[in-house]
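Visitor: here's my sequence, what's the structure:
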Amino acid sequence: MRSNRIVMRRDRVLRFCSGTTKMPQVDVRGNLFRVQERIAAAANHCGRRPEEITLIGVSKTHPGESIRAAFEAGLRHFGENRVQEWEGKHAAVADLGAEWHLIGHLQSNKAARAARLFHSIDSIDDFPLAQRIDRARAGQPTGAPLRVLIEVHLGGEAAKSGVSPDGLADLAEKLIALRWVDLAGLMCIPPFLENPDEVRPYFARLRELKSQLEEHLGKRFPVLSMGMSHDFEAAILEGATEVRVGTALFGVRGTAR
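Guide: From the prediction side, this is the model:
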């Protein structure tokens, strides 16, 4: 009996490794409904309208079928981390009328490709990168500037990118002078903390930086992109206009394609 159990376990492992065992199905439609309910509750709690908050589904490492399921359930904004990964799967969902956001760090040698593939680049952190995007966008048939956000580094973590608060105003001044780049606001990825209330000071700081920037430049920037699956309600309480939610919608991420 013991040897039979070992053989059965070995067979299950082999089926999993060969791809014949399917991963559990994720209820994307149900997850989207629950996330929307949470967004509405957080917005109502602080006297805001849920319609003020755009939900970006973080579809990185998830297949085109998951994106399509979310689109069919009503989601219209999706976030990807890597240009190369998105190039490999965007053809499968090219027919969808969705907005595609690059939310991960962009390498300068991929700037031209990103300018063609995305409707928004939400992670600008230096001027030479923005210049590359500006030049690439000038040659596109859309005839419209590309929306960008400045990523601000607030947590002091060496592994994360973003411009420092001290360098924000200088970078923003340079960006608004570019013809084919439309600076819409700020984005941040604060440290991961189990208690969302402990993340709120980072979100409040980004809101303050946006207000200061608007006063300094005499220009309104409507977007505050902050908050993810575990803390987006705290971000909404601090003024987020866009939240980036992956796990709560699509389940645990797989291996990047």
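Visitor: which stretch of helix or strand covers Ser123?
Guide: Assigned by DSSP states H and E, Ser123 falls within strand 120-124.
Visitor: for that strand, give the mean pLDDT please.
Guide: For strand 120-124, mean pLDDT rounds to 97.
Visitor: what lines up beside that strand in the sheet?
Guide: strand 99-102 (parallel), strand 146-151 (parallel) (DSSP bridges).
Visitor: to His77, which of those strands lies closest?
Guide: Across the strands paired with strand 120-124, His77 has its closest neighbour in strand 99-102 (4.7 Å, CB to CB). Any C-beta I mention is one placed from the backbone N, CA and C, and that applies to glycine too.
Visitor: after that closest one comes which helix or strand?
Guide: For strand 99-102, the following helix or strand on the C-terminal side (DSSP H and E) is helix 111-117.
Visitor: distance between that following helix and the chain's centre?
Guide: On the basis of CA atoms, centre = their mean, to the nearest Å, helix 111-117 sits 16 Å off its chain's mean C-alpha point.
Visitor: that helix: which residues count as buried?
Guide: Neighbour-count burial for helix 111-117 flags Ala111, Ala112, Arg113, Ala114, Ala115, Leu117 (criterion: 16 or more other CB atoms under 10 Å).
Visitor: my read: the fifth one touches Ala136, true?
Guide: This points to Ala115. Yes - counting by CB atoms under 8 Å, Ala136 is a contact partner of Ala115 at 3.8 Å.
Visitor: which SS state does Leu193 fall under?
Guide: Assigned with DSSP: H, G, I helix; E, B strand; the rest coil, Leu193 falls in the coil class.
Visitor: state the number of residues packed around it.
Guide: Using other CB atoms under 10 Å, the number of residues around Leu193 comes to 15.
Visitor: that one contacts Arg200, correct?
Guide: No - taking CB under 8 Å as the definition, Leu193 is not a contact partner of Arg200, at 9.7 Å.
Visitor: so Ala40 sits in a helix?
Guide: Yes - assessed with three-state DSSP, Ala40 lies in a helix.
Visitor: for the nearest residue to Ala112 once chain neighbours are set aside, what are phi and psi?
Guide: Once flanking residues are discounted, Ala112 sits nearest to Ala136: 3.9 Å by CB to CB, 6 or more residues apart in numbering. Backbone geometry at Ala136, expressed as degrees, to the nearest 10, gives phi -70, psi -40.
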